[in-house]
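*Asks:* give me coordinates for this.
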Amino acid sequence: LKMFSEVWREVQALPAEQLGSPEGLNIFLHSLMGGKRWADALSVVRRLRSERADDPDGMIHEAYCLHELGMTREALDLLLKGPPSLRDRPLFFYNAGCYHSQLGELDEAVRLNPRHYWSWLQRGFCKQELGQHGLAAGDFGVCISLWPDFAWGYFNRGSVLSQIGQRAAAAADSPAALRP
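*Replies:* Predicted coordinates:
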């Protein structure tokens with residue numbers, strides 16, 4: 001319901017033993033994260049993790065707070081050093097892939113999260129900049145397969161195909177690239 005200030009008031013009105021319980025802290029954490037109060041949320045999740053250091057959810061939340069605070073490398077390192085049980089969570093692969101992508105580590109981003117269209121798009125841009133137009137077209141193609149209505153993927157694939165002389169294939173992407 002996005003009523004974060006109301007949640008904060010209600011949680012703070014709880015008796016101290018309930019507020020300090022893992023359940024109370026968890027509610028407080030989620031309301032802080034929902035309100036984008038990342039520094040406060042980081043403090044709360046670290047308190048939760050002090051009692052349950054290997055809790056996969058806590059590690060994922062702590063890493064996300066770090067990322068939102070501009071500490072993406074630290075967020076990624078936290079996830080990668082986590083216990084094996086962390087890799088049982090699909091969100092581990094999604095977040096780690098996104099963090100790799102944000103850090104420009106696009107091959108690793110694609111390896112960890114092959115269903116994330118944005119990593120393929122970004123890697124395609126890098127390949128294009130390096131003059132690897134065929135590889136860029138392939139990455140843009142994977143991006144398109146993951147999000148068939150993404151006009152920007154068609155536009156970029158058409159651009160690199162044109163650069164390598166595949167004008168008919170580039171022209172075939174034009175209608176999709178021009179969709180609103």
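
*Asks:* shaky segments in this structure?
*Replies:* Confidence mapping of the chain against pLDDT under 70 gives the ranges 1-3, 8.

*Asks:* let me see the ranges of the helices in it.
*Replies:* Taking DSSP state H as the criterion, the chain contains helices spanning 4-12, 16-19, 22-34, 38-51, 56-68, 72-80, 90-102, 106-112, 117-129, 133-146, 151-163, 167-177.

*Asks:* possible to save those as TSV with mean neighbour count?
*Replies:* Just so you know, the C-beta spots here come from the backbone N, C-alpha and C atoms, and that holds for glycine as well. Rendered in TSV, the data for the helices of the chain read as follows (neighbours: other CB atoms under 10 Å):
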stretch	mean neighbour count
helix 4-12	14
helix 16-19	11
helix 22-34	18
helix 38-51	17
helix 56-68	22
helix 72-80	19
helix 90-102	20
helix 106-112	19
helix 117-129	20
helix 133-146	20
helix 151-163	20
helix 167-177	14
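
*Asks:* ok, residue 63 touching residue 79?
*Replies:* Yes - applying CB atoms under 8 Å, one finds residue 63 in contact with residue 79, separated by 5.0 Å.

*Asks:* mutual contacts of the two, please.
*Replies:* 95, 99 (CB atoms under 8 Å, 6 or more residues apart in numbering).

*Asks:* if I look at the residue lying closest to residue 78 once chain neighbours are set aside, how far off is residue 12?
*Replies:* Setting aside the residues directly before and after it, residue 78 is nearest to residue 63 in space (CB to CB, 6 or more residues apart in numbering), at 4.7 Å. As for residue 63, its distance to residue 12 is 26 Å (criterion: CB to CB, to the nearest Å).

*Asks:* find the centremost residue of the chain, please.
*Replies:* Central residue of the chain (CA atoms, centre = their mean): residue 98, 3.6 Å from the mean position.
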